[in-house]
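A.B. asks: Show me how the following folds:
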Amino acid sequence: MAKEKIRLGVIGMSPGNGHPYSWSAIFNGYERGTMNSCPFPAIPDYLNKRSFPEDSLGEIGEVTHIWTQDYNLSSHIAQASKIPNVVRNLEQMLEEVDAVLLARDDAALHYDLAIPFLKASIPIFIDKPLALSVKGAQKLLAAQEYSNQIFSCTSLRFAKELQLTYNDLDHIGTVRHIEASVPKKWDTYAVHIIEPIIAQLPNRGALKDVIPFNKNGMKMCLVEWERISAYLKVTGSTPCPLQLEFFGEKGSVQKRFINAYDSFKASLQHFVLLVKGEASNVKREETLEVIEIIEKGRK
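C.D. replies: Below is the predicted model:
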């Protein structure tokens, strides 16, 4: 399979999440008129700034099948993102795809949707967060037919603009504390600020405490590891930038998320390379630590 273009199926559609449109378009390109009528204006906005097929992942994969809970919706996504096959049930794509993109971010449904593909030994990219509890994540991981069958992360762990550079670290010194904010809901968006912290700070030490509190429709959380701490804000309907500010022994640096297309593309490319045996998976202990913070922060 190493030099072949893989066939991908995309499944699921959850409220407020346009990944079936955007992820499929990143592989297949898109039909501008139909995409402009998708219910997520940000997607055609950033797609229209790209050149296709040059900026696509079309050389390594194609989304060939789609299923969502609404056939008409599936047909619209297929037309917008040039997906040739719309199926009425998951089983119809089992024999037709090499890998699957589970594009729902409501984690409570991940297990039931993933099981047919896990049993068929098909690798699957499960949208963030993998689960809302450590027990739920372990149940999913235990259902794998082989290690690394499941890939799951927030694409923001690949966002270059959120990553500390050597110059940043030289400027601020050893990181002691992080303050991070993101709008919308804790269950689906907290992962966007937790995972980039964990991925970048391997010397944080063991997780010691998670203290959540709520105020004015916002969810706040103080997270304490052995050597660093973080103050997380998920602001609900109150607008705020998605950003992380790192405080070190000599100063601070602020990182703001601005490039959805490149982070989505990087995560999808990583999944395809993982399927081909050319990349390593996200460390399971990191995924479980992210979920542990999400679970404790929900209280």
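A.B. asks: can we go C-alpha only for contacts and neighbour counts from here?
C.D. replies: Fine.
A.B. asks: and residue 222, bridged to which residues?
C.D. replies: With DSSP bridges as the criterion, residue 222 is bridged to residue 211, residue 231.
A.B. asks: Any figure for the gap between it and residue 228?
C.D. replies: To residue 228, residue 222 is 11 Å away according to C-alpha to C-alpha, to the nearest Å.
A.B. asks: With neighbour numbers in mind, choose between these two.
C.D. replies: Shown here are residue 222 and residue 228; by other C-alpha atoms under 10 Å, residue 228 has more neighbours (20 against 17).
A.B. asks: Which helix or which strand is home to the nearest residue to that one once chain neighbours are set aside?
C.D. replies: The shortest distance from residue 228 to any residue other than its chain neighbours is 4.8 Å, reached at residue 176 (C-alpha to C-alpha, 6 or more residues apart in numbering). Element membership of residue 176 [criterion: DSSP states H and E] is strand 175-182.
A.B. asks: Per-residue pLDDT of the closest residue to residue 210 other than its chain neighbours, please?
C.D. replies: The shortest distance from residue 210 to any non-neighbouring residue, by C-alpha to C-alpha, 6+ apart, is to residue 223 (4.6 Å). Listed pLDDT for residue 223 reads 98.
A.B. asks: give me the number of residues near residue 223?
C.D. replies: Residue 223, neighbours per other C-alpha under 10 Å, totals 22.
A.B. asks: ok, now residue 295?
C.D. replies: Neighbour count for residue 295, taken as other C-alpha under 10 Å: 18.
A.B. asks: Which parts of stretch 163-170 count as buried, going by neighbours?
C.D. replies: Buried positions in stretch 163-170, judged by neighbour count with 16 or more other C-alpha atoms under 10 Å: 163, 168, 169.
A.B. asks: Give me the subset of those residues lying in helices.
C.D. replies: 168, 169 (DSSP state H).
A.B. asks: State the next helix or strand along the chain beyond the helix or strand where residue 114 lies.
C.D. replies: Element membership of residue 114, judged by DSSP H and E, is helix 110-119. Next along the chain after helix 110-119, taking DSSP H and E as the criterion, comes strand 124-126.
A.B. asks: what's in contact with that next one?
C.D. replies: Defining contact as C-alpha atoms under 8 Å, 6 or more residues apart in numbering, one finds that strand 124-126 is touched by 99-104, 110, 114, 117-118, 149-153, 271.
A.B. asks: Go through the buried residues of stretch 163-170 and name the one nearest residue 275.
C.D. replies: residue 163 (25.3 Å; C-alpha to C-alpha).
A.B. asks: And the closest one, how close does it get to residue 69?
C.D. replies: With the distance defined as C-alpha to C-alpha, residue 163 ends up 36 Å from residue 69.
A.B. asks: And for residue 244?
C.D. replies: 36 Å.
A.B. asks: Which residue of the two possesses the greater neighbour count?
C.D. replies: More neighbours surround residue 244 than the other of residue 244 and residue 69, with 25 against 13 (other C-alpha under 10 Å).
A.B. asks: helix/strand/coil for that one?
C.D. replies: Following DSSP: H, G, I helix; E, B strand; the rest coil, residue 244 is assigned to strand.
A.B. asks: The closest residue to it other than its chain neighbours bridge partners, please.
C.D. replies: Nearest non-adjacent residue to residue 244, counting by C-alpha to C-alpha, 6+ apart: residue 180, 4.3 Å away. Following DSSP bridges, residue 180 is listed with bridge partners residue 232, residue 244.
A.B. asks: which residues sit in contact with residue 180?
C.D. replies: Taking C-alpha under 8 Å, 6+ apart as the definition, contacts of residue 180 comprise 193, 230, 231, 232, 233, 242, 243, 244, 245.
A.B. asks: at 7 Å what do you get?
C.D. replies: With contacts defined as C-alpha atoms under 7 Å, 6 or more residues apart in numbering, the neighbours of residue 180 are 193, 231, 232, 233, 243, 244, 245.
A.B. asks: So what's the residue count around residue 49?
C.D. replies: Residue 49: 9 surrounding residues under other C-alpha under 10 Å.
A.B. asks: what helix or strand does the residue lying farthest from the centre of the chain sit in?
C.D. replies: Relative to the mean C-alpha coordinate of the chain, counting by C-alpha atoms, centre = their mean, the farthest residue is residue 250 (32.3 Å). Counting by DSSP H and E, there is no helix or strand that carries residue 250.
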